[in-house]
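Undergrad: When you get a sec, could you give me coordinates for this:
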Amino acid sequence: IMRTIEGAAGGAVDVNVEYRIPQRDGTLRWLVARGRSYVRTSGRPQQLMGVNLDITERKLAEEALRNARALTDAVFDSVPGMLYLYNAEGRLLRWNKRHEAATGYSAEDAIGVSMSLLTPEGATDRQQAQMMEVLAETGKWEGELWSRRKDGSLFLERRSIDAVRDAGGRVVAMETFPRD
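TA: Just a heads-up that it's a prediction; the model follows:
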């Protein structure tokens, strides 16, 4: 941090540095130093103004989120079959490695894309509408559907789809466990 501050003293520079400092009890606190150096018209340093903010809670929350994501990823990918999750609008949120292997689509290909990515040409809107109607009424649908791989080949899969609801009872996502 001292090198950053010394470097800022040489000219008009914004400073934004995160760093840790040890406490007497052995714990670490995270701080961010934000400021700006000001120079005179002659180019000589005039002043350095800034503030230090304690960002320890943010850093702990970020670490907890990373750990939770890593655990979720491990659980998601340890499911013995294919698994994917899409939002209430039918856009893919994520899927596991077995689904990638079965369909040929990578996460980068599919995330944020409509579920129609997997729907073969000729699938009827009526079938999709019936499935969505049952899901809306019961929160669950099971049945067989044809799906399309990235290479265009088709495969029949048995799907179990469950609605994921928030605390208010609104459907926010759908989890799908297909088996081909």
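Undergrad: can we go C-alpha only for contacts and neighbour counts from here?
TA: Noted.
Undergrad: Keeping just the C-alphas, turn stretch 48-62 into PDB.
TA: In PDB, the C-alpha atoms belonging to stretch 48-62 read as follows (Å, rounded to 0.1, in the frame of the first residue of the first chain):
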ATOM      1  CA  LEU A  48      -3.400  13.300  -0.900                       C
ATOM      2  CA  MET A  49      -7.000  13.000   0.300                       C
ATOM      3  CA  GLY A  50      -8.800   9.700   0.900                       C
ATOM      4  CA  VAL A  51     -10.500   7.400   3.300                       C
ATOM      5  CA  ASN A  52     -10.000   3.900   4.700                       C
ATOM      6  CA  LEU A  53     -13.100   1.800   4.900                       C
ATOM      7  CA  ASP A  54     -13.500  -1.500   6.800                       C
ATOM      8  CA  ILE A  55     -14.700  -4.100   4.300                       C
ATOM      9  CA  THR A  56     -14.200  -7.200   6.400                       C
ATOM     10  CA  GLU A  57     -17.900  -8.100   6.400                       C
ATOM     11  CA  ARG A  58     -18.100  -7.800   2.600                       C
ATOM     12  CA  LYS A  59     -15.000 -10.000   2.300                       C
ATOM     13  CA  LEU A  60     -16.500 -12.600   4.700                       C
ATOM     14  CA  ALA A  61     -19.700 -12.600   2.700                       C
ATOM     15  CA  GLU A  62     -17.900 -13.000  -0.600                       C
END
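Undergrad: Give me the buried positions along it.
TA: Judged by neighbour count (16 or more other C-alpha atoms under 10 Å), stretch 48-62 contains these buried residues: residue 48.
Undergrad: Got the confidence number for the most far-flung residue of the chain relative to its centre?
TA: Most distant residue from the mean C-alpha position of the chain: residue 42, 49.3 Å away (C-alpha atoms, centre = their mean). Looking at residue 42, its pLDDT reads 77.
Undergrad: Contacts only, for it.
TA: With C-alpha atoms under 8 Å, 6 or more residues apart in numbering as the criterion, no residue contacts residue 42.
Undergrad: Would you agree residue 77 is in contact with residue 98?
TA: Yes: Residue 77 lies in contact with residue 98 (C-alpha atoms under 8 Å); the separation is 7.5 Å.
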